[in-house]
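Enquirer: Prediction below, plus the sequence it came from.
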Amino acid sequence: MGTVGHATSMNTRTVLLLEDDKSDAELLTRELRKAGMDFPIHRVDTRDDYVRALSEQKPPLIISDYTLPGFDGLSALGLAREALPDSPFIFVSGTIGEERAIEALKRGAVDYIHKDNLRRVGPAVKKALAEAQERVRRREAESALREAEERYQNLVELSPDAILTVSAGVITFANKAALKLYRANHQEALVGKQYIDLVHEDSLGSLTVRLSGLQDHAQRHSSIEQKHVRLDGSVVHVELTSAPVSLHGNDAMLIFARDVSERKRYQSELEHQATHDALTGLPNRTSLKYRLSHAIASARRHDKKVAITFIDLDNFKSINDNFGHEVGDEVLKVVAARLTETVRTTDTVVRLGGDEFVLLFTDLDDVDIVTELMHRALPAISRPINAAGTELVLTCSAGISIYPLDASDADIVLRNADKAMYRAKEKGRNNFEYFTPDLNSRSSERQTLSAELHRAVERKEFCLCYQPQVDVLSGMPTGAEAFIRWNHPQRGVLLPEKFIPLSEELGLIVPIGEWVLRNACKRVRTLLTEQSPFTVSVNISSVQFWQTNLIALVERVLRSADLAPRYLELDLKESMLARDPRSAVQTIKGLKSLGVGIAIDEYGAGNSGLTQLQQYPVDRLKIDRSIVNGIGLDPEDETVCRTIILLAHNLGLKVVAEGVATEAHLAFLRNHGCDVAQGYLFSGNPIPREESPALM
């Protein structure tokens, strides 16, 4: 035990500091000095010394750390409240969280301060001492009233606190503040009324407990909080202090009541903030853990099931990057509202943070209802969202885990849902997957691959392969499409579908995409000095496209490679343009102004519409390989292929057929006016540039 300050002797201004770290004590002392409070601070760091100081020194103020060796702050608070109920108690700690802070306030602490914010110490101590002095003043006034009620009648009337005298359970006096508190128009509205009629039913026990409890509190001069009912029926939270008095020879009670509704509201707000998301108002991670644990406990007792759905918005980062966080926040609020409208009233929608949400389905007999609700939730999210004058379309991926089918522990159920969500992303996004045991190994594999992919970017373990694009009529090469491959040192050559989706999630698609663009342009520039000019097609991912610097990046790459823009074509998927068509058109126009070509890739694979193409200033349309592969096998695919070629030409677009693998494919395309073909018929599998006939 030691003393920090200018004196070692205790006096009425000495502060008791419960702190085991001398450095922290010195910092706190310095802050108090800066605030002009040059009184002694007595530091203790053990329970015994603390108890002794409370008894012997009776400090008017106690400042305490929350975590101490073999001792904790709440225990220290309890001892202080018991020994010195009027001495304010302030926590100054680096470990106390919101939940503990709320609990400390409920138990009587007047404030809590984080050690990272010690500048609050001075004002907090001044306020606490002032309030303590105010409490002393109140108690002295109460004592004076007990000695001579009539003599201090004016003082009573001037008191800001409501003051009542109660004899045999009946109110015999009420001051002006009491009339105002209980909304009485005159004395007679309160005087003569049973005091117990003012107490709200939530604060009532048995009649015996009510009366004896109030008397016990009066004997101890301590405060209790109750809900009271005003004369107009409204509810008010009051802090009561009572004292026994003798009025005209009869035993009575003097009751002081203070309106603490605002303080209760503030405490309630703190509790809400600790358990709810500030942006959406949804329950947060803390609340989820509590609700999930209770849901599982209930399901265990009643032989029910609980389902957790982990939802992640697809490519949400690009919305923040391109439209700003204000638009992103508006989108999150819309998603929260739509999810809440989708689920049952008994279910819970939680925002974990960022673009992650969780749906908690409780009291389930079977999981079919979860599937049904998810078939409603995903389309609800994918409806266009108007945010700050911008229309956006986004999708989500979701993973579902069931208690007790998948796990018997709340944390494991959550982790399983997270794993299933990543599986949904791997399968193309905008869908949901249920957890299966094999996802555990998949999750481990994904973590390993993530680490290896980071290293691959650093070590440049990628290479480009090229597939020739051939004029359908002449058979001459007109260009080539660049495909990336990963030369994994242990796994061998990996195709894009093995690592591109993961690179998008990890944010690595940006450096990888730039590497592809630079190397493809450099290679084509070299060939232009050796043979007839032709273009190179490079796929642009959704993440790349929605970067605000895409146009500047393409311009820099072309300048660096000394390549004329007409020899570069950028392939875009229609699905990623549909997210915000107006902004997409502006970006495409910016790219076109550089002189590069623009193609819509994989057309026909999804919900494509030729009418939508009219809004995009593109040059070519690439028919998806799934349609071309149906030529000669599926009359419907042939009809779709013919229709695309005809209508695309009517829109002034050239048509490229992907996946051309047979002479029959080529003959059909030639007969129906397709412009360019690419596929295994011309090159076999895409091969590295050193072996590609088209790039020799």
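Expert: Sure, I can see it. Residues are numbered from 1 along each chain as shown.

Enquirer: Show me the shaky parts of the stretch 251-400 of the chain.
Expert: By pLDDT under 70, the stretch 251-400 of the chain has no low-scoring segment.

Enquirer: Check the stretch 101-250 of the chain too.
Expert: 144-156, 205-222, 249.

Enquirer: how about the helices of it, start to end?
Expert: Using DSSP state H, counting those that start in this stretch, the helices of the stretch 101-250 of the chain run over residues 121-147, 153-158, 176-181, 207-220.

Enquirer: Tell me how far the first one lies from the chain's centre.
Expert: Per Cα atoms, centre = their mean, to the nearest Å, the displacement of helix 121-147 from the mean C-alpha position of its chain is 43 Å.

Enquirer: Pull out the buried positions in that helix.
Expert: Neighbour counts over helix 121-147 (16 or more other Cβ atoms under 10 Å) mark 121-122, 124-125, 128-129, 132, 138, 141-142, 145-146 as buried. Heads up, the C-betas are built off the backbone N, CA and C, glycines and all.

Enquirer: by contact count, what packs against that helix?
Expert: helix 22-34, strand 89-93, strand 111-114, helix 153-158, strand 235-247, strand 250-259 (3 or more Cβ pairs under 8 Å, 6 or more residues apart in numbering; DSSP states H and E).

Enquirer: could you redo the last one with a cut-off of 6 Å?
Expert: Judged by 3 or more Cβ pairs under 6 Å, 6 or more residues apart in numbering; DSSP states H and E, helix 121-147 is in contact with strand 111-114.

Enquirer: for the helix or strand in which residue 525 is found, packing partners?
Expert: Using DSSP states H and E, residue 525 sits within helix 509-527. Here helix 509-527 touches strand 535-539, helix 550-561, going by 3+ Cβ pairs under 6 Å, 6+ apart.

Enquirer: Mind checking these for the one nearest to residue 101?
Expert: helix 550-561 (46.6 Å; Cβ to Cβ).

Enquirer: I'd like to know which of the helices and strands packed on helix 509-527 lies nearest to residue 653.
Expert: Closest among the helices and strands packed on helix 509-527, using Cβ to Cβ: strand 535-539, at 14.8 Å.

Enquirer: how much distance is there from that closest one to the middle of the chain?
Expert: Distance, stretch centre to chain centre, for strand 535-539: 39 Å (Cα atoms, centre = their mean).

Enquirer: Next SSE downstream of that strand?
Expert: From strand 535-539 onward toward the C-terminus, using DSSP H and E, the following helix or strand is helix 542-545.

Enquirer: Next secondary structure element downstream of the helix or strand where residue 593 lies?
Expert: Residue 593 belongs to helix 581-594 when assigned by DSSP H and E. Of the helices and strands lying after helix 581-594 in sequence (DSSP H and E), the nearest is strand 597-603.

Enquirer: how far off strand 535-539 does that following strand point, in degrees?
Expert: Using axes from the mean of the first three to the mean of the last three Cα atoms, to 10 degrees, the inter-axis angle of strand 597-603 relative to strand 535-539 is 50 degrees.

Enquirer: Mind listing what's buried along strand 597-603?
Expert: 597-603.

Enquirer: Same check on stretch 405-424?
Expert: Buried residues in stretch 405-424 (16+ other Cβ under 10 Å): 406-407, 410, 413-424.

Enquirer: from the chain's centre, how far out does that stretch sit?
Expert: For stretch 405-424, the distance to the chain centre is 19 Å (Cα atoms, centre = their mean).

Enquirer: Then stretch 269-284?
Expert: 10 Å.

Enquirer: For it, which outside residues touch it?
Expert: Contacts with stretch 269-284, where a contact means Cβ atoms under 6 Å, 6 or more residues apart in numbering, come from 98-99, 102, 286-287, 329, 333, 336, 349-351.

Enquirer: What's the end-to-end length of it?
Expert: Distance between the two ends of stretch 269-284: 14 Å, counting by Cα to Cα, to the nearest Å.

Enquirer: Residue 75 versus residue 481, what's the distance?
Expert: 71 Å (Cβ to Cβ, to the nearest Å).

Enquirer: More neighbours: which of these two?
Expert: Using other Cβ atoms under 10 Å as the criterion, residue 481 and residue 75 rank with residue 481 on top: 24 against 13.

Enquirer: Make sure I have this right: the more buried one is in a strand.
Expert: Yes. Applying DSSP: H, G, I helix; E, B strand; the rest coil, one finds residue 481 inside a strand.

Enquirer: Might you report the residue contacts of it?
Expert: Here residue 481 is in contact with 467, 537 (criterion: Cβ under 6 Å, 6+ apart).

Enquirer: Would you mind naming the residues that bridge with it?
Expert: residue 467, residue 537 (DSSP bridges).

Enquirer: picking up where we left off before, tell me the average confidence for the helix holding residue 593?
Expert: For helix 581-594, mean pLDDT is 89.

Enquirer: just checking, what packs against that helix?
Expert: Against helix 581-594 (3+ Cβ pairs under 6 Å, 6+ apart) you get helix 550-561.

Enquirer: So what touches the helix it packs on?
Expert: Helix 550-561 has contacts (Cβ under 6 Å, 6+ apart) with 517-518, 521-522, 525, 565, 590-591, 594.

Enquirer: Quick one: end-to-end distance for stretch 109-129.
Expert: End-to-end for stretch 109-129, by Cα to Cα: 13 Å.

Enquirer: hmm, who's touching that stretch?
Expert: Here stretch 109-129 makes contact (Cβ under 6 Å, 6+ apart) with 31, 35, 77, 88-92, 94, 96, 101, 104.

Enquirer: what does stretch 303-317 give?
Expert: Contacts of stretch 303-317 (Cβ under 6 Å, 6+ apart): 295-296, 299, 355-359, 361-364, 370, 394-403, 413-414, 417-418, 421, 429, 542.

Enquirer: buried sites along that stretch?
Expert: Here stretch 303-317 shows 304-317 as buried, counting by 16+ other Cβ under 10 Å.

Enquirer: same check, this time on stretch 389-401
Expert: 390, 392-401.

Enquirer: on that earlier part again, send the alpha carbons of the helix holding residue 525 over as CSV?
Expert: Output of helix 509-527 as CSV, limited to C-alpha atoms (Å, rounded to 0.1, in the frame of the first residue of the first chain):
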residue,chain,number,x,y,z
ILE,A,509,-9.1,-9.9,-57.5
VAL,A,510,-8.0,-6.2,-57.9
PRO,A,511,-4.2,-6.9,-58.1
ILE,A,512,-4.8,-10.2,-60.0
GLY,A,513,-7.1,-8.5,-62.5
GLU,A,514,-4.5,-5.7,-63.1
TRP,A,515,-1.8,-8.2,-63.6
VAL,A,516,-3.9,-10.0,-66.3
LEU,A,517,-4.7,-6.7,-68.0
ARG,A,518,-1.0,-5.6,-68.1
ASN,A,519,0.4,-8.9,-69.3
ALA,A,520,-2.2,-9.5,-72.0
CYS,A,521,-1.6,-5.9,-73.4
LYS,A,522,2.1,-6.4,-73.3
ARG,A,523,1.9,-9.7,-75.2
VAL,A,524,-0.4,-8.3,-77.9
ARG,A,525,1.9,-5.3,-78.4
THR,A,526,4.8,-7.7,-79.0
LEU,A,527,2.8,-9.6,-81.6
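
Enquirer: Next, the angle strand 535-539 makes with that helix.
Expert: 170 degrees.

Enquirer: Tell me the buried residues in helix 509-527?
Expert: 509-510, 512-513, 516-521, 523-525, 527.

Enquirer: Stretch 186-193 now?
Expert: Result for stretch 186-193 [16+ other Cβ under 10 Å]: buried residues 190-191, 193.

Enquirer: hey, what's residue 400 bridged with?
Expert: residue 309, residue 434.

Enquirer: Give me the distance between it and residue 309.
Expert: In this structure, residue 400 and residue 309 are 5 Å apart, going by Cβ to Cβ.

Enquirer: Which residue lies nearest the spatial centre of this protein?
Expert: residue 353 (1.3 Å; Cα atoms, centre = their mean).
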